[in-house]
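Trainee: with the sequence up front, the predicted model follows.
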Amino acid sequence: MDSSGKIERLSVPALDEILGEPFKVLNDGFIRLIDYMGSDESIVQAARVSYGKGTKKVHQDRGLIRYLMRHRHTTPFEMCEIKLHVRVPMDCWRQWIRHRTASVNEYSTRYSEAIDSAQLTGDDQWREQSRGNRQGSTGFLAREVGSELSEGESSLIQDSRRLYRERLEAGVAREQARKDLPLSTYTEAYWKIDLHNLLHFLALRMDPHAQWEIRSYATVIGEQILSRWCPITWEAFQDYRFHATALSRREQHIIRMLAAGRPDEAEELATRFGLLKYDGPRLKPNRERKELEAKLQSLNFKIPWLDGQKK
């Protein structure tokens, strides 16, 4: 606030440097920053209005933001907003738009011709369907197989685009001419969202289990834009959300037994909780158990029920 009592707009020089600069994603997609409001300082200001002036003497900015993140006090993070211009394949955009806590204005193929660009898949980028996760992938198909698939993809895109052009030239309305364009066709949108909901988006879409295409966009937003915009918040998000491990009450009980050197009791608990069911000597699939096993491995615990014949 200056001597006249006016409040100056908070600015972030590191973010101002990339205003309008497109960050390339996939073969022809991009993300670019259009505008923003607020910064780490805005979060602190909002929190201190709530807590009272006296807290400023107790908490440094970094400590306060980390406290807010750690204890999930979300309202102060809503004081910051960001507006992005994105070019993204339509199938990827379908996942993106499921995050309904944003303001969106998308390029319309009713009013304008569809963008003459589509996502292309390299011959080494065709992923195999995961057998353990119906909505996920694992590994890649052989390159010689991928080469044939990429050729087919290119042919389909060219044919669909030619058909689209023929319809337009014949006088077909744009809203109908577009109906056979592939989902790989790029669309563009302005996407405005507050920081709290952006963090939720990143927590889901940067996750290793997220589809690679949308994960590519989320990673750029986090690492190239958010890290410049609110670096203290980005650090706290990494520490307390993205790289953190949440433990259910059941998981805590099992870990206590393992930490106490009582693996048999830990296994008994897992059985009682319905996590361990056998088909002969082999464990039946159980997603909750797999998630627990991943957490135990990250904490360097030996998993008793995976010993010997039960692996």
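Mentor: That came in fine, so what should we check first?
Trainee: residues near the closest residue to N286 other than its chain neighbours, how many?
Mentor: Distance criterion Cβ to Cβ, 6 or more residues apart in numbering; nearest residue to N286, sequence neighbours excluded, is L275 at 5.7 Å. No exception for glycine: its C-beta is placed from N, CA and C like everyone else's. Neighbour count for L275, taken as other Cβ atoms under 10 Å: 22.
Trainee: what's the answer for P263, then?
Mentor: 17.
Trainee: coming back round to it: give me the distance between the residue nearest to N286 and R66.
Mentor: 34 Å (Cβ to Cβ, to the nearest Å).
Trainee: again with E265
Mentor: With Cβ to Cβ as the criterion, E265 and R66 are 36 Å apart.
Trainee: host element of the closest residue to N27 other than its chain neighbours?
Mentor: Nearest-residue entry for N27: L120, 5.0 Å, with adjacent residues in sequence omitted and distances by Cβ to Cβ, 6+ apart. Under the criterion DSSP states H and E, no helix or strand holds L120.
Trainee: let me see the contact set for L120.
Mentor: Counting by Cβ atoms under 8 Å, 6 or more residues apart in numbering, L120 makes contact with 27, 150, 153-154, 157, 184.
Trainee: repeat for I43
Mentor: Counting by Cβ under 8 Å, 6+ apart, I43 has contacts 65, 68, 76-77, 79-80, 195, 230, 233.
Trainee: quick check: closest non-adjacent residue to it.
Mentor: Using Cβ to Cβ, 6+ apart, the nearest residue to I43 is P76, at 4.6 Å.
Trainee: the one you found: neighbour count?
Mentor: So P76, with other Cβ under 10 Å, has 25 neighbours.
Trainee: that one contacts A47, correct?
Mentor: Yes: the pair formed by P76 and A47 meets the contact definition of Cβ atoms under 8 Å, at 4.4 Å.
Trainee: anything in contact with each of those two?
Mentor: With Cβ under 8 Å, 6+ apart as the test, P76 and A47 both reach L68.
Trainee: from F77, how far out is E235?
Mentor: Taken as Cβ to Cβ, the span from E235 to F77 is 14 Å.
Trainee: whoops, Q95 was the one
Mentor: From Q95 to F77 the distance is 23 Å (Cβ to Cβ).
Trainee: about what we covered before: please say which of E235 and F77 ends up with more neighbours.
Mentor: F77 (25 against 16).
Trainee: which residue is the nearest non-sequential neighbour of that one?
Mentor: Per Cβ to Cβ, 6+ apart, closest to F77 is H196, 4.0 Å.
Trainee: any idea which helix or strand carries that neighbour?
Mentor: Under the assignment here (DSSP H and E), H196 is part of helix 195-205.
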